[in-house]
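Asks: only geometry, no sequence info:
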């Protein structure tokens, strides 16, 4: 088994942290249906940014970029939908 270069470990760690940081927020919003403290503009802009990064990753066939943004989108979409629904 080959070892990953340090830069790959740093990149994978960053991707994992910035992706999974939305898990607690998504669970809280889904469970409580409470979104008043969330900014609609920030949530929508971030979600759109993730969609654009996902499209970019698909265009260049970059699987780490695709994977991390697909998971982030799966976490952000319910947050955005519930924000639109419950304000």
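Replies: That came through, no problem. From a predicted model like this one, the values you see are computed outputs, not experimental measurements. Numbering: from 1, shown residues only.

Asks: any idea which helix is longest in the chain?
Replies: The longest helix of the chain (DSSP state H) is helix 63-86.

Asks: elements contacting that helix?
Replies: Here helix 63-86 touches helix 6-20, helix 22-32, helix 40-60, going by 3 or more Cβ pairs under 8 Å, 6 or more residues apart in numbering; DSSP states H and E. The C-beta positions use only the backbone N, C-alpha and C, and glycine is treated the same way.

Asks: what sits up against the helix or strand bottoming out on mean pLDDT in the chain?
Replies: Lowest by mean pLDDT, DSSP states H and E among the helices and strands of the chain is helix 6-20, with a mean of 90. Here helix 6-20 makes contact (Cβ atoms under 8 Å, 6 or more residues apart in numbering) with 4, 64, 68-69, 71-72, 75.

Asks: Can you list the buried residues in the longest helix of the chain?
Replies: Neighbour counts over helix 63-86 (16 or more other Cβ atoms under 10 Å) mark 65-66, 68-69, 71-73, 75-76, 79-80, 82-83 as buried.

Asks: Check the contacts of helix 6-20 and tell me the two furthest apart.
Replies: 4 and 75 (25.2 Å; Cβ to Cβ).

Asks: Let me know how buried the closest residue to residue 75 other than its chain neighbours is, in neighbour terms.
Replies: Of all residues not flanking residue 75 in the chain, residue 22 sits nearest, at 4.1 Å (Cβ to Cβ, 6 or more residues apart in numbering). Applying other Cβ atoms under 10 Å, we find 20 residues neighbouring residue 22.

Asks: So residue 22 versus residue 7, what's the distance?
Replies: 24 Å (Cβ to Cβ, to the nearest Å).
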